[in-house]
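Enquirer: Would you be able to build a 3D model of this:
(one chain, ligands or ions: 1)
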Amino acid sequence: MDLFIVRGGSPLRGRVSVSGSKNASLPIMAASIMVDGEVTLEGVPHLADVTTLSQVLQTLGMKVSRRPSPGTDSQSAVEILIDDETRCVASYELVRRMRASICVLGPLLAKRGRAVVSLPGGCNIGDRPIDLHLRGLAALGAELRLERGYVIGVAKRLRGADIDLAGPRGSTVTGTANLLMAATLAKGRTVLRHASCEPEVVDLARFLCAAGAKIDGAGTATLEITGVEGLEPVRHHIISDRIEAATLMMAAVITGGDVLLDNVITEHLGSVFEALQAAGANTERITEGSDPPRQEIRIGPGSPLRPFDVAANPYPGFPTDLQAQWTALMTRAVGRCRVRDDVFPDRFLHVPELARLGANVSRSGSCAVIHGGLPLRGANLMASDLRASAALVLAALAAEGESVIRRIYHLDRGYERLDAKLAALGADLERRTDDSEITVLPPLPAA
Ligand code: EPU
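Expert: As a prediction, this is how the structure comes out:
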């Protein structure tokens, strides 16, 4: 297991390129199950979650390989092709490693008429049911039952239906993806109401349309899908990762740095710009050229941070995937603020870890309450999930002295080479194997 040693205090400076989106890549890779012929995906990040989904797809009879992308030095493309369509079991061993594996359920039922997929189970960010996925697939005509921790489904040919995806906390992102994929090959017309508007769902719709699907309304809460008989080979470029971009923006702000981000889509970051500007950060959107326009973001030295409350909500609201990082950032703003999570009200395992650095932060129901401005001092920290890990990295970059962050395999699930990117910007951050408890302890405080 790896850990990070972070010595805080260096302002980040320079240019950094944002990777392709994890949460767009995963459902699009799963959608390849439905395509007759080769799928080529450019911009898929190198991540543990992508490796896990590749393994899931391989056990489902798909060939998955990475090859250098023509015309680029460093980019590679993921190629996916059907090899054996008789396989339909996604085992607990793989699905438990990554919930997004549930995205194979819709494509398997739509294309192969059979699916045996492990229930993903709970995770560190709270209760994550899949009732809306199952209700929607049943409405499309799949016969589903739960047995020994598996969803077992059969379907002759799915039929279009009118499906409402509203759940107790809004829509569902991977649920919308699962139903959008399934409806693409269903007979007739499907309407998905209260669908997710997240850019990752829009990217999936773009991918499916490029392969021959008929989808209207992507990016709105109502999707209309007219089923087609099959999908054709397709090449697609994955959108850039808005969560990574925003995490890097906050890393620049928390260290008082001056950073230029490229490979960004600024329209996907509206709520983040609003929050950062309200908190006093100096942000600039730069568009250059026209064919196609190239977008960049500059975070420059700003005024002292001001406390600013955010509530995480579905897109275009402030993303729950940035709630932990914002909480870390607000520990540097003098005064009190609250950070609420309306999507995952239990996603607060970073709070006690931030307190270990000296922050005055506590949890109150679905909120973190922060009294910002206290000095942060390096400490031993434990990452609990992907975005909490990023929050700890941000706080450690702003803390005085050395922090040790363990269990950063969580971070590797969803950020491509974040440590290398931060180090290239001047962060004093080192990855080590967690094989020696003694050498990695930060200095003990005096009694
Ligand atoms: N929900 C239900 N029933 C369902 C599905 C969801 O009640 O059938 C509830 C959930 O419990 C939650 C809310 O609806 O309270 C939203 O959950 P959603 O289904 O939208 O989450 P997800 O699709 O499982 C994706 C991302 C998450 C991101 C959320 C919210 C992927 C692979 N995962 O999860 O990303 O936090 O949407 O935006 O796209 C991450 O990248 O760190 C991550 C956790």
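Enquirer: Those residues of this structure touching the ligand, which are they?
Expert: Residues of the chain lying close to the ligand by CB under 6 Å from any ligand atom are 23, 26, 99-100, 125, 127-133, 167-169, 172-175, 200, 320-321, 343-344, 386-387, 414. The C-beta positions use only the backbone N, C-alpha and C, and glycine is treated the same way.
Enquirer: Quick check: chain neighbours aside, which residue is closest to Leu185?
Expert: Ala110 (4.1 Å; CB to CB, 6 or more residues apart in numbering).
Enquirer: Am I right that that neighbour sits in a helix?
Expert: Yes: according to DSSP: H, G, I helix; E, B strand; the rest coil, Ala110 belongs to a helix.
Enquirer: For Gly358, give its distance to Gly401.
Expert: Counting by CB to CB, to the nearest Å, the gap from Gly358 to Gly401 is 11 Å.
Enquirer: list residues touching both of the two?
Expert: Residues touching both Gly358 and Gly401 by CB atoms under 8 Å, 6 or more residues apart in numbering: Arg377.
Enquirer: For the closest residue to Leu204 other than its chain neighbours, pull up the helix or strand it's in.
Expert: Nearest non-adjacent residue to Leu204, counting by CB to CB, 6+ apart: Pro27, 5.1 Å away. Using DSSP states H and E, Pro27 maps to helix 22-31.
Enquirer: just Val116 next, same as before
Expert: If you go by DSSP H and E, Val116 is part of strand 114-118.
Enquirer: Render the CA-only coordinates of that strand in PDB, please.
Expert: Taking Å, rounded to 0.1, in the frame of the first residue of the first chain, the C-alpha atoms of strand 114-118 are listed here in PDB:
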ATOM      1  CA  ARG A 114     -29.400 -12.000 -19.500                       C
ATOM      2  CA  ALA A 115     -27.500 -10.600 -16.600                       C
ATOM      3  CA  VAL A 116     -26.200 -11.800 -13.300                       C
ATOM      4  CA  VAL A 117     -24.600  -8.800 -11.500                       C
ATOM      5  CA  SER A 118     -23.500  -8.600  -7.900                       C
END
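Enquirer: picking up where we left off before, the residue nearest to Leu204 and Glu198 touch, don't they?
Expert: No: applying CB atoms under 8 Å as the test, Pro27 and Glu198 come out as separate, 10.5 Å apart.
Enquirer: and the two? which has more neighbours close in?
Expert: More neighbours surround Pro27 than the other of Pro27 and Glu198, with 28 against 23 (other CB atoms under 10 Å).
Enquirer: Next, the contact list for the more buried one, please.
Expert: For Pro27, counting by CB under 8 Å, 6+ apart, the contacting residues are Ala100, Cys103, Thr174, Ala177, Asn178, Met181, Glu200, Leu204.
Enquirer: ditto for Glu85
Expert: Going by CB under 8 Å, 6+ apart, the list of residues near Glu85 reads Gly61, Lys111, Arg112.
Enquirer: Dump these to TSV, plus neighbour count and pLDDT.
Expert: What follows is the contacts of Glu85, written out as TSV (neighbours: other CB atoms under 10 Å; pLDDT from 0 to 100):
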residue	neighbour count	pLDDT
Gly61	15	98
Lys111	24	98
Arg112	19	98
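Enquirer: Out of the residues you listed, the closest to the ligand would be?
Expert: Lys111 (20.5 Å; CB to the nearest ligand atom).
Enquirer: got the contact list for the closest one?
Expert: Lys111 touches Ile33, Met34, Glu85, Leu185, counting by CB under 8 Å, 6+ apart.
Enquirer: nearest residue to the first one other than its sequence neighbours?
Expert: Meaning Ile33. Going by CB to CB, 6+ apart, Ile33 has Pro107 as its nearest residue, at 3.9 Å.
Enquirer: and that neighbour, what does it touch?
Expert: Pro107 touches Ala30, Ala31, Ser32, Ile33, Met34, Met181, Ala182, counting by CB under 8 Å, 6+ apart.
Enquirer: Out of those residues, give me the two with the largest separation.
Expert: Spatial extent of those (CB to CB) is set by the pair Ser32 and Ala182 at 14.4 Å.
Enquirer: For the contacts of Lys111, give me a markdown table that also has pLDDT.
Expert: Listed next are the contacts of Lys111 as a markdown table, based on pLDDT from 0 to 100:
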| residue | pLDDT |
| --- | --- |
| Ile33 | 98 |
| Met34 | 98 |
| Glu85 | 97 |
| Leu185 | 98 |
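Enquirer: For Ala90, see how far away the closest residue to Leu158 other than its chain neighbours is.
Expert: Among residues not flanking Leu158 along the chain, Ala186 sits closest, at 3.7 Å (CB to CB, 6+ apart). Going from Ala186 to Ala90 by CB to CB gives 21 Å.
Enquirer: still on that earlier bit, which one of the contacts of Pro107 is nearest to Ala161?
Expert: Distances from Ala161 to the contacts of Pro107, taken by CB to CB, are shortest for Ala182, at 10.2 Å.
Enquirer: need the next SSE after the helix or strand where the closest one lies, C-terminal direction.
Expert: Assigned by DSSP H and E, Ala182 belongs to helix 173-184. Next along the chain after helix 173-184, taking DSSP H and E as the criterion, comes strand 189-193.
Enquirer: tell me which strands and helices that next one is in contact with?
Expert: strand 162-164, helix 173-184, strand 223-226 (3 or more CB pairs under 8 Å, 6 or more residues apart in numbering; DSSP states H and E).
Enquirer: Can you say which of those is packed in most?
Expert: Across those, the average number of neighbours (mean count of other CB atoms under 10 Å) peaks for helix 173-184, which reaches a mean of 28.
Enquirer: Let me see the contact set for Gly37.
Expert: Gly37 neighbours (CB under 8 Å, 6+ apart): Leu81, Glu232, Pro233.
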